[in-house]
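Engineer: Output the structure for:
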Amino acid sequence: MNKGKILIVDDDKDIVNLITDILEDELYQVDKAYSGQEAINKVEKESFDLIILDIMLPDIDGIDVCRKIRDKFLGTIIFLTAKNRGVDKIVGLEIGADDYITKPFDDGELCARVKAHLRKQKRLNSLNLKNDETIRYKSIEINKNSFEVFVDRQRIILSTKEFQVLYYMIENHNIVLTREQIYNSVWGFGDFGDINTVTVHIKKLREKIPGCDRFIKTVWGIGYKFIGERL
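Structural biologist: Numbers count the residues shown, from 1 in each chain. I've put the predicted structure just below:
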């Protein structure tokens, strides 16, 4: 049984073959791209559930690839990055990646992260199908089923994780949420990652949403809260 379609993007064929073997053993359908442009072309023509994307590519680096495909691809993007390139991780998260794995990686950890992201994505999609509700506040509305956000009637393009962070905050409007609460809700207790990811995604929401300070407030020393007049 096919459990999901995954695109692996890396110019190192040995790494691509290794990841392919790991994921195909778990019954995932795997496609491969060995350059940034090839990955962009595939995303434009095909549908994927998750992308594993190397940062260091020969033509277009992974960060630029992520930037180019993020508006078209709403699924999970996991970066592959060298251990000593912390700046790349932060930049990647800021432009729309959902997670990262450092090289050399542990086979079990890679598999666990893929499973966790796809499991959460499937659960969210299932909930969306049961409830096609649009939540409306003054100047902002969010559709759980279509993953669409409109601010002052202008559509705002968000990555999956950005949408999930915003939606979780809206669900808990006027409640101060710690970074730990947001991280555990969106990324899950079983995910491997950095809680600073929450800060990066809040920053990105503020950059993308015009007048975001009307909605998302920082409560210093505690976390964040969403405020607004519900319609």
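Engineer: Let me know the pLDDT of residue 28.
Structural biologist: At residue 28, the pLDDT value in this model is 93.
Engineer: and it, what is it in contact with?
Structural biologist: Contacts for residue 28 (C-beta atoms under 8 Å, 6 or more residues apart in numbering) come out as 2-6, 114. Placement of C-beta: from N, CA and C, glycine included.
Engineer: That one and residue 230: what is the separation?
Structural biologist: Separation of residue 28 from residue 230 (C-beta to C-beta, to the nearest Å): 40 Å.
Engineer: By average pLDDT, which secondary structure element in this structure comes out worst?
Structural biologist: For the chain, counting by mean pLDDT, DSSP states H and E, helix 86-94 ranks last in confidence among helices and strands (a mean of 71).
Engineer: and the next element down the chain from that one?
Structural biologist: strand 99-103 (DSSP states H and E).
Engineer: Please render the contacts of residue 28 as JSON lines that adds secondary structure and pLDDT to the earlier fields.
Structural biologist: Formatted as JSON lines, those follow (DSSP: H, G, I helix; E, B strand; the rest coil; pLDDT from 0 to 100):
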{"residue": "2", "secondary structure": "coil", "pLDDT": "63"}
{"residue": "3", "secondary structure": "coil", "pLDDT": "79"}
{"residue": "4", "secondary structure": "coil", "pLDDT": "87"}
{"residue": "5", "secondary structure": "strand", "pLDDT": "92"}
{"residue": "6", "secondary structure": "strand", "pLDDT": "95"}
{"residue": "114", "secondary structure": "helix", "pLDDT": "92"}
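Engineer: Can I get these in TSV including neighbour count and distance to residue 70?
Structural biologist: Formatted as TSV, these follow (neighbours: other C-beta atoms under 10 Å; distance: C-beta to C-beta, whole Å):
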residue	neighbour count	distance to residue 70
2	8	25
3	16	24
4	22	19
5	16	18
6	25	17
114	25	19
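Engineer: Among those, which one lies nearest to residue 46?
Structural biologist: residue 5 (8.0 Å; C-beta to C-beta).
Engineer: Could you measure from that closest one over to residue 154?
Structural biologist: Residue 5 is 32 Å from residue 154, by C-beta to C-beta.
Engineer: And residue 64, by the same measure?
Structural biologist: Taking C-beta to C-beta, one finds residue 64 at 25 Å from residue 154.
Engineer: between those two, which one's more packed in?
Structural biologist: A side-by-side neighbour count of residue 64 and residue 154, using other C-beta atoms under 10 Å, places residue 64 first with 15 against 9.
Engineer: My read is that the more buried one contacts residue 36, right?
Structural biologist: Yes. Using C-beta atoms under 8 Å, residue 64 is in contact with residue 36, at 6.8 Å.
Engineer: Using the three-state scheme, assign residue 210.
Structural biologist: At residue 210 the chain is in coil, as set by DSSP: H, G, I helix; E, B strand; the rest coil.
Engineer: Excluding chain neighbours, what is closest to it?
Structural biologist: residue 151 (5.7 Å; C-beta to C-beta, 6 or more residues apart in numbering).
Engineer: Identify the bridge partners of the one you found.
Structural biologist: Bridge pairing for residue 151 (DSSP bridges) gives the partners residue 140, residue 154.
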